[in-house]
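In: sequence plus predicted model, see below.
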Amino acid sequence: MSNRSVSILIEKEKVFLIHRQKEGCEYYVLPGGSIEEGETPEAACIREAKEETSLQVEIQSQVLFRLS
């Protein structure tokens with residue numbers, strides 16, 4: 001599994017989610033994706049938010065999760 005970076009975009013107490021449909025399943029995800037080689041998690045977060053939402057974002061705080 002590759003390292004990923006996601007954005008939690010909040011405005012007026014609402015969280016931005018992306019609606020997806022795949023193989024008959026419908027679900028919602030936070031905007032994000034894989035961290036490219038040589039890219040920082042912060043840069044990946046900003047890039048993915050722009051690619052998936054067309055929004056220019058800035059990082060206000062960070063949360064780190066490690067899954068084992």
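Out: On my side now, so go ahead. Residues are numbered from 1 along each chain as shown.
In: in this structure E48 contacts V29, no?
Out: No. In this structure, E48 is not within contact of V29 by C-beta atoms under 8 Å, at 11.1 Å. Heads up, the C-betas are built off the backbone N, CA and C, glycines and all.
In: neighbour-wise, which of the two wins?
Out: E48 (22 against 12; other C-beta atoms under 10 Å).
In: and the helix or strand hosting the more buried one, how far out from the chain middle?
Out: In this assignment (DSSP states H and E), E48 forms part of helix 41-53. Taking C-alpha atoms, centre = their mean, to the nearest Å, one finds the center of helix 41-53 at 7 Å from the center of the full chain.
In: check which residues of that helix are buried.
Out: A44, C45, I46, R47, E48, A49, E52 (16 or more other C-beta atoms under 10 Å).
In: same question for stretch 61-68.
Out: Quick answer for stretch 61-68: no buried residues (16+ other C-beta under 10 Å).
In: restricting to C-alpha, output that stretch in PDB.
Out: C-alpha atoms of stretch 61-68 as PDB (Å, rounded to 0.1, in the frame of the first residue of the first chain):
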ATOM      1  CA  SER A  61      -3.200  21.800  10.700                       C
ATOM      2  CA  GLN A  62      -2.100  18.200  10.300                       C
ATOM      3  CA  VAL A  63      -3.200  14.800  11.500                       C
ATOM      4  CA  LEU A  64      -1.000  11.700  11.100                       C
ATOM      5  CA  PHE A  65      -2.500   8.200  10.900                       C
ATOM      6  CA  ARG A  66      -0.400   5.000  10.600                       C
ATOM      7  CA  LEU A  67      -2.200   1.800   9.700                       C
ATOM      8  CA  SER A  68      -0.300  -1.400  10.400                       C
END
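In: average model confidence for that stretch?
Out: For stretch 61-68, mean pLDDT is 84.
In: before we move on, what about stretch 15-35?
Out: 96.
In: what residues does that stretch touch?
Out: Contacts of stretch 15-35 from elsewhere in the structure, counted by C-beta atoms under 8 Å, 6 or more residues apart in numbering, are 2-10, 41, 44-45, 48-49, 51-53.
In: no more questions from me, cheers.
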